[in-house]
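S.K.: Following is a predicted model, sequence given first.
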Amino acid sequence: MGEKIKMSPDGTLVVPEEPVIPFIEGDGTGVDIWPAARLVLDAAAAKHGRSVDWREVLAGEKAYNEVGDWLPQETIEAFDEHLIGIKGPLTTPIGGGFRSLNVAIRQILDLYVCLRPVRWFKGVPSPVKAPELVDMVIFRENTEDIYAGLEVEAMSPEALKLRTLLEDAFGWKIREDSGIGIKPISKTGSQRLQRAALDYAVAKGKSRVHWVHKGNIMKFTEGAFQKWGYELVREEYADVAVAWADCGGDAGDKILVQDAIADIALQQVLTRPAEFEVIGTMNLNGDYLSDALAAQVGGIGIAPGGNANYVTGHGIFEATHGTAPKYAGQDKVNPSSVLLSGVLMFEHIGWQEAADDIVAALEATIGDKVVTYDFARLMDGATEVKCSEFAHAIVDRL
Ligand code: NAP
């Protein structure tokens, strides 16, 4: 019988021997990838004398079909109470009252960091020459920016009202048939994200942090993000980190904090990936950057993610791809995205050895060219296996 993970007053997670971890299986291919991932996670945990007391909670189509609710209150309560959870992909209900279930979960639990580590695993087919140079962790702000959902439709009464207000109050002229969106970027939202990125860099012994922004154009939102990031470094991290402007690029044994304009950053992560280690950025930039980077190291079937609030201790880890409905129930797709999200979760709760073992076994499996269809079509001489067979192959190599 498991116990709850708790947050200690000093802000660290207290993880029992057998933690209770709620999971959402996920819609579509969730029925395939979740059991496969769980098999590997359990085997790796067992190797280190640990186990997880998994508790299923419902969301998405399964929830709607079983209890008539896309996102039952009990699911939110379970995640709230147990702090850490994992989920497969969810269908976005059309006309279900939600912009997206994933966004709803992030907002309700105020999971302000979207954590997207991007690294290459030996053997994974990649479109670039030196994918091994890609090893970065993106901290994407999850609650603000143009994603806050503050937008009105062109020609709607709301848009016309807002347009009139902006013209009357600020003299801003906006074309009549415009949709209008609002981009809030706060100091609070920016600095809590930047604090998480800096803390991570310190904890993992990283040497560089980049703030990626488009502050040359959007001065009071993206530009402010950059400014607040440097202020934070000077005010709270001066003993361990230094801004480029304060050291001319020579940070000694401290972490060098610099910034990059988003468009140039998208080029440089491709042409000079080794220069990027930890990236802190806002919602929209983070979205583009994490998918562009995922493509460099093998694409969507393998990219893990997590959403966290480092103050309350909440963290929900998730496959970053969708439900791929055309493959649902075929035992075909690659379970690596949800599996590596589990690895991220194990690292987050301090089960580093189990996490490292999974990564090594996954690399060994891919190295032996035993892969699911998505990699098989990009590799010469691969043995294509089913989703479940791939999981067993990983367990065999643990
Ligand atoms: P998708 O489900 O991510 O699928 C797009 C393509 O990505 C698939 O056709 C497949 O490519 C590839 N793919 C996805 N999962 C894979 C896996 N496990 N292994 C290998 N390849 C994989 O995107 P979508 O079709 O646009 O969206 C379908 C539904 O998912 C929608 O309802 C959407 O709202 C939802 N969604 C949910 C999440 C989430 O829960 N986090 C995220 C995105 C979308 P090939 O066809 O080339 O094989």
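M.R.: Perfect, thanks for sending it.

S.K.: so the residue nearest the centre of the chain, which of the three states?
M.R.: With distances taken as Cα atoms, centre = their mean, the chain has Gly305 as the residue nearest its mean C-alpha position (3.1 Å). At Gly305, secondary structure determined by DSSP: H, G, I helix; E, B strand; the rest coil is strand.

S.K.: Report whether the expected contact of it with Val113 is present.
M.R.: No. With contacts counted by Cβ atoms under 8 Å, Gly305 stays clear of Val113, the gap being 10.5 Å. (C-beta placed from N, C-alpha, C; glycine too.)

S.K.: which residue packs closest to the residue nearest to the centre of the chain, ignoring adjacent ones?
M.R.: Counting by Cβ to Cβ, 6 or more residues apart in numbering, the nearest residue to Gly305 once its immediate chain neighbours are dropped is Thr320, at 4.4 Å.

S.K.: same thing with Glu176?
M.R.: Arg163 (7.1 Å).

S.K.: which parts of the helix or strand of the chain with the lowest mean pLDDT are buried?
M.R.: Scoring the helices and strands of the chain by mean pLDDT, DSSP states H and E places helix 101-108 at the bottom, with a mean of 86. Using 16 or more other Cβ atoms under 10 Å as the test for burial, helix 101-108 gives Leu101, Asn102, Ala104, Ile105, Arg106, Gln107.

S.K.: what's across from the residue nearest to the centre of the chain in the sheet?
M.R.: Gly305 has the following beta-bridge partners by DSSP bridges: Glu318.

S.K.: For the ligand, see how far away it is.
M.R.: Here Gly305 is placed at a distance of 8 Å from the ligand (Cβ to the nearest ligand atom, to the nearest Å).

S.K.: go on, Arg55?
M.R.: Counting by Cβ to the nearest ligand atom, the separation of Arg55 from the ligand is 20 Å.

S.K.: and if you look at Ile394?
M.R.: On the measure of Cβ to the nearest ligand atom, Ile394 and the ligand end up 15 Å apart.

S.K.: and that residue, how many residues sit next to it?
M.R.: 28 (other Cβ atoms under 10 Å).

S.K.: right, and it touches Ala360 too?
M.R.: No. The pair formed by Ile394 and Ala360 falls short of the contact definition of Cβ under 8 Å, at 9.8 Å.

S.K.: farthest residue from the center of the protein?
M.R.: Computed with Cα atoms, centre = their mean, the maximum C-alpha offset from the centroid of the chain is found at Asp168, amounting to 40.9 Å.

S.K.: Pull out the buried positions in whatever helix or strand it lives in.
M.R.: Using DSSP states H and E, the secondary-structure element containing Asp168 is helix 157-170. Of the residues in helix 157-170, those scored as buried under the neighbour-count criterion (16+ other Cβ under 10 Å) are Ala159, Leu162, Arg163.

S.K.: do stretch 199-214 as well
M.R.: Neighbour-count burial for stretch 199-214 flags Tyr200, Ala201, Val202, Lys206, Arg208, Val209, His210, Trp211, Val212, His213, Lys214 (criterion: 16+ other Cβ under 10 Å).

S.K.: now, the most widely separated pair of the residues you listed?
M.R.: Between all members of these, the longest pairwise span (Cβ to Cβ) is found for Val202 and Lys214 and amounts to 26.9 Å.

S.K.: State the mean pLDDT of the helix holding Asp168.
M.R.: Looking at helix 157-170 alone, the average pLDDT works out to 96.

S.K.: Output the contacting helices and strands for that helix.
M.R.: Other helices and strands packing on helix 157-170, by 3 or more Cβ pairs under 8 Å, 6 or more residues apart in numbering; DSSP states H and E, are strand 151-152, strand 180-181.

S.K.: which residues are contacting the last one?
M.R.: Contacts of strand 180-181 from elsewhere in the structure, counted by Cβ atoms under 8 Å, 6 or more residues apart in numbering, are Ile146, Leu150, Glu151, Val152, Ala159, Leu162, Arg163, Ile174.

S.K.: Count the residues that sit near Ala391.
M.R.: The burial count assigned to Ala391 is 26, neighbours taken as other Cβ under 10 Å.

S.K.: ok, Gly179 - contacts?
M.R.: Neighbouring residues of Gly179 by Cβ under 8 Å, 6+ apart: Glu151, Val152, Glu153, Ala154, Ala159.

S.K.: can you put the buried residues of stretch 199-214 in TSV and add distance to Ala36, pLDDT and secondary structure?
M.R.: Written out in TSV, the entries for those read as follows (distance: Cβ to Cβ, whole Å; pLDDT from 0 to 100; DSSP: H, G, I helix; E, B strand; the rest coil):
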residue	distance to Ala36	pLDDT	secondary structure
Tyr200	28	95	helix
Ala201	33	97	helix
Val202	35	97	helix
Lys206	31	97	coil
Arg208	35	97	strand
Val209	35	98	strand
His210	35	98	strand
Trp211	37	98	strand
Val212	34	98	strand
His213	38	98	strand
Lys214	39	97	coil
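
S.K.: So what touches stretch 214-223?
M.R.: The contact list for stretch 214-223 (Cβ under 8 Å, 6+ apart) reads 145, 183-185, 213, 224-227, 259, 261-263, 282, 285.

S.K.: now for those, which pair is the farthest apart?
M.R.: Across these, the two members that end up farthest from each other (Cβ to Cβ) are Pro184 and Asp263, 22.3 Å apart.

S.K.: before we move on, what SS does the single nearest residue of the chain relative to the ligand have?
M.R.: Of all residues in the chain, the one sitting closest to the ligand is Gly322 (2.4 Å; Cβ to the nearest ligand atom). Of the three states, Gly322 takes coil under three-state DSSP.
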